[in-house]
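Q: let's see this in three dimensions:
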Amino acid sequence: MKVLRIILLTAVLMGMAVACAPKQAAEKSALETIASRKSVRSYTDQAVSQEQIETLLRAAMAAPTGMNLQPWRFVVVQDQAVKDVLAGPRGGMIAQAPVVFVVCGQTTMSRTPFGQPDAAPEEVENGNWTADCAAATENLLLAAEAIGLGAVWTACYPYEDRMTPAREVLGLPANVTPYCVVPVGYPAGDDQPKDKWKPENIHYDRW
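A: Numbers count the residues shown, from 1 in each chain. Below is the predicted model of the structure:
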């Protein structure tokens, strides 16, 4: 009887271990992806598939957003002439990448006045758009790392010499601002992540 109890207990523990394994593996995979993300600035000629493009966009749109306004807008660029304009004097990585994501933010939003559900919607300034676009961009970068692609965040906003050409070549509406440009492709080199862990930058409870 004692042996039977031991066998049953062992079976239960093994079952619990198996049940927990997928969750633990998923958590480890997410943390490994975060730790291994790096800026990749050179790419092979291998094409990025439409399925991969949608995977990156879905990840970007899963980011947190203030008041769920979701002001991010994305322009996916594969046309070489457009990439060349976006690259400008920077050239290189933006012009070379198989696909380029321009993360944009809608700076005004149509909203019903607070406490007046029957009132006509008003166009109001959205002060959170840069933070929301930053969160979406980081999600896109992590997703690229997770599926074996390389990517790099290149700034656009608030530099007029970068925003103006992007606005013009992409035909952006007046209330949509290009936030950053993210070239994506298969890494051509062996880029490594940087160790940015600095305990001296951490403060608990107060400075």
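Q: against Q52, how distant is C133?
A: For C133, the distance to Q52 equals 21 Å [CB to CB, to the nearest Å]. Heads up, the C-betas are built off the backbone N, CA and C, glycines and all.
Q: compare the two and say which is more crowded by neighbours.
A: C133 (26 against 18; other CB atoms under 10 Å).
Q: for the strand or helix carrying that one, the averaged confidence score.
A: In the assignment (DSSP states H and E), C133 maps to helix 129-146. For helix 129-146, mean pLDDT is 98.
Q: what do you get for stretch 42-59?
A: 97.
Q: show residues contacting the helix holding C133.
A: 29, 33-34, 36-38, 55-66, 69-72, 101, 103-107, 150-151, 153, 157, 177, 179-180, 182, 184 (CB atoms under 8 Å, 6 or more residues apart in numbering).
Q: got it, and stretch 54-62?
A: Residues outside stretch 54-62 that contact it (CB under 8 Å, 6+ apart): 70, 72, 74, 76, 101, 103, 136-137, 139-140, 142-144, 147, 149, 184.
Q: is it true that N126 touches S110?
A: No: N126 is beyond contact range of S110, at 10.3 Å (criterion: CB atoms under 8 Å).
Q: so which of those two has more stuff around it?
A: Taking neighbours as other CB under 10 Å, N126 and S110 compare with N126 leading, 19 against 10.
Q: chain neighbours aside, what residue packs nearest to the more buried one?
A: Setting aside the residues directly before and after it, N126 is nearest to M109 in space (CB to CB, 6 or more residues apart in numbering), at 4.8 Å.
Q: before we move on, the earlier item: which two in the contacts of stretch 54-62 are spaced the farthest apart?
A: Q70 and L149 (24.0 Å; CB to CB).
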